[in-house]
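# The sequence and its predicted three-dimensional model are supplied below.
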Amino acid sequence: MKKSFFALALLTVGGAAQAQSGVTVYGNIDLGVSKKTGGALTEGRRDNNRLGFKGVEDLGSGLKALFQLEIRYDPDIGTVEGVSRPLFQGQSRVGLQGDFGTVRIGRGLSAYQDSNVAFEPFRGTPSTAGFETDLMVAGYNSQPLDPAGSSANRFSNAVFYNSPVLAGLHLNVTVASKEALGNPVLIGRGTAAAPQYPANARLTSNPYSATLVYKAGMFGAMLASERNAAETRLWSVAASVQPSRDLKLMASYQSQDQDHTVAVNSVTRAWVVGANLDIGSGTLLAGYGRKSPDGVVPTKQIGVGYEYNLSTRTFLYADASQRKAATSVNFYGVGIHHRF
Amino acid sequence: MKKSFFALALLTVGGAAQAQSGVTVYGNIDLGVSKKTGGALTEGRRDNNRLGFKGVEDLGSGLKALFQLEIRYDPDIGTVEGVSRPLFQGQSRVGLQGDFGTVRIGRGLSAYQDSNVAFEPFRGTPSTAGFETDLMVAGYNSQPLDPAGSSANRFSNAVFYNSPVLAGLHLNVTVASKEALGNPVLIGRGTAAAPQYPANARLTSNPYSATLVYKAGMFGAMLASERNAAETRLWSVAASVQPSRDLKLMASYQSQDQDHTVAVNSVTRAWVVGANLDIGSGTLLAGYGRKSPDGVVPTKQIGVGYEYNLSTRTFLYADASQRKAATSVNFYGVGIHHRF
Amino acid sequence: MKKSFFALALLTVGGAAQAQSGVTVYGNIDLGVSKKTGGALTEGRRDNNRLGFKGVEDLGSGLKALFQLEIRYDPDIGTVEGVSRPLFQGQSRVGLQGDFGTVRIGRGLSAYQDSNVAFEPFRGTPSTAGFETDLMVAGYNSQPLDPAGSSANRFSNAVFYNSPVLAGLHLNVTVASKEALGNPVLIGRGTAAAPQYPANARLTSNPYSATLVYKAGMFGAMLASERNAAETRLWSVAASVQPSRDLKLMASYQSQDQDHTVAVNSVTRAWVVGANLDIGSGTLLAGYGRKSPDGVVPTKQIGVGYEYNLSTRTFLYADASQRKAATSVNFYGVGIHHRF
């Protein structure tokens, strides 16, 4: 509702009353300097940067209401992420949690994009030395019909379900509406005159994403299936093992099929193996991955990083990687990560 | 002032000192799914969504300083409201409160748009099943010369006065400056070559809005008069009665005269009647309204809704409405509303 | 990292855990009405408006991690500052503080723009009656190659160092990367066909800014040198003295040399003298300044203001100024400033 004519009275006493609702302001800031083969020394993020607002309300009988709004930003230039992305690029969701699990509505990471980060050696960060953005998801885009500039791993206008954990198993399902969101033209298997997806076309199928995640003792595993707004299909399997408290080993395999919109070389396969090893006051991250589109030069990447903990909330890091595809690119970066 | 070279010192100790100033972070998130005749199932809001920051400072002698900054956003896609509206679309105001009442300066709801929500059966929300946006204000726009995409019920560059309550009476007055705000062309009674309001034209009159609100015991009433930036005039009367704690009945009538910019059928009249009835753990909302522009098919709407309270801060809702004008549209929606 | 599949668990318990990280929400809101010769009565700010988030984490051994994110906004119309500036136009920085001083990375005021405000009679505010924006810095722009609409006194992609205070001396150094930021064409000493700085050109030199600030007892002083992205050079000296607790006198001189991009009249010199005098419950601000580009009519300005304190956080103000250049402009303004 809009502010009523009693708004002033509410405003006056609101300080105390509203404070009890317990909005948590949280986030992180990650910034460093890096250099790529042939490039200048630049400043930028290794991880995504967040400023968020969230809260949980106990409704009694084991039921909770929860919400989360998450700004994403680029601290090197002070803008929202990518200059033009949505203010709450991170997520904007509200929902209920109870014995049945959690149901949320809004915009957020698809089940697959949310689950796979546990099997990526750089913790799912978009670090150039890491594997999440290009290798891990095989260049897959969860929202190819969203306006240009949007990130590639979220569903808008979606419902998110997370089951309770049963015998270590956890089911996550995301389904989006068929709403057009001002999407750009996607020629696909059509022509410029008759594109497969005209501008702002209503979707023909509901995008969905589902993961079954297992976690018990030292073992973790994931089975995933997703179909995006352009009916590209992806499936993935991943597993991790922690033979000791200091070491986590992980591996994943994924395959995407763009047959609905791409006529040739429509299948892309990728795998990534990696490890996290606690050494001294920090953690060593290492991984190797390959992506093999049919008929195209495969991409190979090796990446290593070290996170030196100044506290549980703050660490310094150094990364290096070599990526070989049609051309080869080396990358070096150092920086600071602070959580608040 | 800009940060001085003592800023670091301030930063270091600021955590404690600033915390005392007691900024309250508040807001709400409202999201559901709905369907209109001929449309797809879509996700979207029933109420406006807010993330705000506000505070009150006691200046002594009954004087208070107060501020409020209110982000409005669309959680289905994570953007600011309407993708392109001002960040603080809700309001951005600062002022003083004392024995004389409250004086604020900035941008916010006009006195009329602020007061009338108490007489609208859907509490002034922009719900499709409700009456606020189209019926209640007869399609009236408080800021017709603001840039495209702005909402229709605020004054920018304004001063807001709210009197103290005297014998149940409360006077609210809003006056805006004549500043041009990058306004678009409004042809009005001019021609394309010589529009009545050229682009970015300075206003010829100060927009104002005034309401006299009465509230005592079971009765409430409002008298309102407003003139917008294009000199459209609106007046309204409204009343409510609460025969019991469970029931509130309300009615309103409004008339807008666009004679300054519209040559034919310049007068629009509307009335809305409605009721709020507490049933079980929730509230039933119901209303009927008509809008009758001269010489145009009148618009008639009936709307019902039910809000099921999970707590004082969270409810689920279901709405349905039928709107008859040149064409007829049925609407159904369900969702969740959470306040924080 | 992205949200893992444990995000929900974190969300649930996050309220308590995250609250301990102690994000401080702070800011100010400043708004008033003013009139210039030949202009309408308009509403607008005297000072910049901020809504910020900051925090300090004690890392032990005298080491601290600190961050600060600062939104800037225009409360008269509810937008981010200048409608299109970066969300965190104020600053977005993270860093470490210890015996070595403070090192931060991100976007913020250059050392010069940060230090000079202590020597400006209107406290460095952009008030029309004040001297900061035009006179004090001689119209100098710290970021001439940033996208149109950016403010003129920040470095993006920069590293900021502030030394510890030693014998009253304080060294501040800012160095920015050579990264292109989508900068517009700057013809400079080139031609339209071959501009000196083409669109999005990588910089040829690292922008830097350095100040040496002295503060001890009643005396303060500053030596400054800066070179911006278009290799314009600026140097400045400034001093202040406080003969009593009630009175502060200040003076500054600055010279900028645009020889790198401007062929004629490339040198601009400016000086400003001013005083702050506590009178009653407020402070009188007064200043006089001149700017003398070679071969161009000099600009002269006299400005006075009075800040009447309602509390340590809130004051009312009245300003007046006369500015003489090719044309003469008088300015009058009153308003309120509230810090939270």
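Yep, it's here.

# Following the helix or strand containing A:V273 in sequence, what is the next regular element?
Using DSSP states H and E, A:V273 sits within strand A:267-279. Downstream of strand A:267-279, the next assigned helix or strand under DSSP H and E is strand A:282-293.

# Which secondary structure elements does that next one sit against?
When contacts are defined as 3 or more Cβ pairs under 8 Å, 6 or more residues apart in numbering or on different chains; DSSP states H and E, strand A:282-293 packs onto strand A:267-279, strand A:299-309. For glycine as for every other residue, the C-beta is placed from the backbone atoms N, C-alpha and C.

# Pairing partners for the strand holding A:V273, with directions?
When pairs are called by DSSP bridges, strand A:267-279 turns out to pair with strand A:247-257 (antiparallel), strand A:282-293 (antiparallel).

# Could I get those in CSV, plus columns for mean pLDDT, distance to A:L51 and mean neighbour count?
Written out in CSV, the entries for these read as follows (pLDDT from 0 to 100; distance: least, Cβ to Cβ, whole Å; neighbours: other Cβ atoms under 10 Å in any protein chain shown):
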stretch, mean pLDDT, distance to A:L51, mean neighbour count
strand A:247-257, 96, 29, 19
strand A:282-293, 95, 25, 20
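
# of all the ones you listed, which lies closest to B:M250?
In terms of Cβ to Cβ, the element of the strands paired with strand A:267-279 nearest to B:M250 is strand A:247-257, at 55.8 Å.

# residue closest to the middle of chain A?
In chain A, the C-alpha nearest the mean C-alpha coordinate belongs to A:Q113, at 5.0 Å (Cα atoms, centre = their mean).

# Find the nearest non-adjacent residue to that one, please.
Nearest residue to A:Q113 in three dimensions, chain neighbours excluded: A:N153, at 3.8 Å (Cβ to Cβ, 6 or more residues apart in numbering or on different chains).

# what does A:Q68 give?
Nearest-residue entry for A:Q68: A:K54, 4.1 Å, with adjacent residues in sequence omitted and distances by Cβ to Cβ, 6+ apart.

# that older thread, orientation of the strand holding A:V273 relative to strand A:299-309 in degrees?
30 degrees (axes from the mean of the first three to the mean of the last three Cα atoms, to 10 degrees).

# Pass me the low-pLDDT residue ranges in the stretch 101-250 of chain A, would you?
Applying pLDDT under 70 to the predicted model, the stretch 101-250 of chain A contains no residue that meets it.

# residues from it in reach of chain C?
By Cβ under 8 Å from any Cβ of the partner chain, the residues of the stretch 101-250 of chain A that approach chain C are A:102, A:108-109, A:113-115, A:117-118, A:122-125, A:132, A:153, A:162, A:170, A:172, A:211, A:213, A:222.

# Which ones among those map onto strands?
Applying DSSP state E to these, the entries found in strands are A:102, A:108-109, A:162, A:170, A:172, A:211, A:213, A:222.

# Out of these, which is nearest to B:E70?
Each of these was scored against B:E70 by Cβ to Cβ, and A:G108 proved nearest at 23.3 Å.

# Quick check: bridge partners of the closest one?
Under the criterion DSSP bridges, A:G108 forms beta bridges with A:F155.

# thought it was touching A:F155?
Yes: shown here, A:G108 and A:F155 form a contact pair, counting by Cβ atoms under 8 Å, at 7.2 Å.

# overlap in contacts of the two?
When contacts are counted by Cβ atoms under 8 Å, 6 or more residues apart in numbering or on different chains, the set common to A:G108 and A:F155 consists of A:T174.

# Wasn't A:P147 part of a helix?
No: with DSSP: H, G, I helix; E, B strand; the rest coil as the criterion, A:P147 is coil rather than part of a helix.

# residue contacts, it?
Applying Cβ under 8 Å, 6+ apart to A:P147 gives the contacts A:181-184.

# can you check A:P298 too?
Here A:P298 is in contact with A:290-292, A:325 (Cβ under 8 Å, 6+ apart).

# ok, now with 6 Å
A:290, A:292 (Cβ atoms under 6 Å, 6 or more residues apart in numbering or on different chains).

# Could you check how far it is from A:Y140?
16 Å (Cβ to Cβ, to the nearest Å).

# do A:S328 as well
23 Å.

# Neighbour count: those two, which is higher?
In terms of neighbours (other Cβ atoms under 10 Å in any protein chain shown), A:Y140 is the more surrounded of A:S328 and A:Y140; the figures are 24 against 10.

# number of nearby residues for A:Y161?
Neighbour count of A:Y161, defined by other Cβ under 10 Å: 17.

# If you could redo that for A:G188, that was the one I meant.
Counted with other Cβ under 10 Å, A:G188 comes out at 17.

# Helices along the stretch 101-250 of chain A, start to end?
A:111-115 (DSSP state H, counting those that start in this stretch).

# Around chain B, which positions in it sit nearby?
For the stretch 101-250 of chain A, the residues in contact with chain B (Cβ under 6 Å from any Cβ of the partner chain) are A:105-107, A:156-157, A:177-179.

# residues contacting A:V264?
When contacts are counted by Cβ under 6 Å, 6+ apart, A:V264 is found next to no other residue.

# can you check the one 10 residues further on too?
The contact partners of A:G274, taken as Cβ under 6 Å, 6+ apart, are A:121, A:250, A:287.

# and if you look at A:Y306?
Counting by Cβ under 6 Å, 6+ apart, A:Y306 touches A:282, A:284, A:318.

# try 8 Å this time
Per Cβ under 8 Å, 6+ apart, neighbours of A:Y306: A:279, A:282-285, A:317-319.

# Look up how far chain B lies from it.
The gap separating A:Y306 from chain B is 29 Å, by Cβ to the nearest Cβ, to the nearest Å.

# I figured A:L169 hits A:V213, correct?
Yes: applying Cβ under 8 Å as the test, A:L169 and A:V213 come out as touching, 7.2 Å apart.

# list residues touching both of these two?
Contacts common to A:L169 and A:V213, judged by Cβ under 8 Å, 6+ apart, are absent.

# neighbour count winner among these two?
Each of A:L169 and A:V213 had its neighbours counted (other Cβ under 10 Å), and the higher figure belongs to A:V213 (27 against 14).

# gap between the two ends of stretch A:255-269?
When the termini of stretch A:255-269 are compared using Cα to Cα, to the nearest Å, they are 4 Å apart.
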